[in-house]
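> Requesting a structural model of the entry that follows:
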Amino acid sequence: GVGKPVHQLSGTKCDSRGSAALAACYHMAPTNPSNRRPTPKARHQEKGLPARMTDQQANDPLHGKTLEAILISLVDHYGWEELGDRITIRCFTSDPSIRSSLKFLRKTPWAREKVERLYLEMQWRTRW
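Alright, predicted model coming up:
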């Protein structure tokens, strides 16, 4: 059922007992019979989104990893010298630092991809 119309600005119920003309007015809206907000799952489904994490996120080993955490792990594992040998970019070979490397990697997608690929290879090798 539609319920009694409610004035959207004041929130008071209309006296007109649901007159069609007043219910159609832009100030009027039907009341929510359940008076409950939709659950997050319902909101996601209304938008056509999955209720839980997408399969792509669940299968992405980099999901939730920051670039800083990835870079620190690589430097701890390989050191700056070997990291510079494996990925030839100046921020790893000439006066390297986490801060300068992050600045460069955030602006340079191809370099970031190489760092992420090396991180995934390192993770795969250390597991097996």
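> Kindly provide the distance from L102 to V115.
When Cβ to Cβ, to the nearest Å is applied, the distance between L102 and V115 equals 10 Å. Just so you know, the C-beta spots here come from the backbone N, C-alpha and C atoms, and that holds for glycine as well.
> Between the two, which contacts overlap?
67, 71 (Cβ atoms under 8 Å, 6 or more residues apart in numbering).
> neighbour count winner among these two?
V115 (21 against 18; other Cβ atoms under 10 Å).
> quick one: contacts for L67?
So L67 contacts 102, 105-106, 112, 115 (Cβ under 8 Å, 6+ apart).
> Show the pLDDT at it.
pLDDT, L67: 95.
> average pLDDT for stretch 107-124?
In the prediction, stretch 107-124 has an average pLDDT of 95.
> what's next to that stretch, contact-wise?
61-62, 65, 67, 70-71, 73-74, 77-78, 83, 86-87, 89, 104-106.
> Give me the buried entries from these.
Taking 16 or more other Cβ atoms under 10 Å as the criterion, what is buried in these is 67, 70-71, 74, 78, 83, 87, 89, 105.
> Output those residues in CSV, with distance to T126 and secondary structure appended to each entry.
Putting the buried ones among the contacts of stretch 107-124 into CSV (distance: Cβ to Cβ, whole Å; DSSP: H, G, I helix; E, B strand; the rest coil) gives the following:
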residue, distance to T126, secondary structure
L67, 19, helix
I70, 14, helix
L71, 16, helix
L74, 12, helix
Y78, 12, helix
L83, 16, helix
I87, 18, coil
I89, 23, coil
L105, 22, helix
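> any chance of the residues you listed in TSV, plus distance to D95?
Below are the buried ones among the contacts of stretch 107-124 laid out as TSV (distance: Cβ to Cβ, whole Å):
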residue	distance to D95
L67	20
I70	21
L71	16
L74	17
Y78	17
L83	14
I87	16
I89	13
L105	16
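> Tally up the residues packed near E121, please.
Counted with other Cβ under 10 Å, E121 comes out at 11.
> tell me which element it falls in.
helix 109-127 (DSSP states H and E).
> Next, T66: phi, psi?
phi -90, psi 160 (degrees, to the nearest 10).
> Tell me how far it lies from R112.
12 Å.
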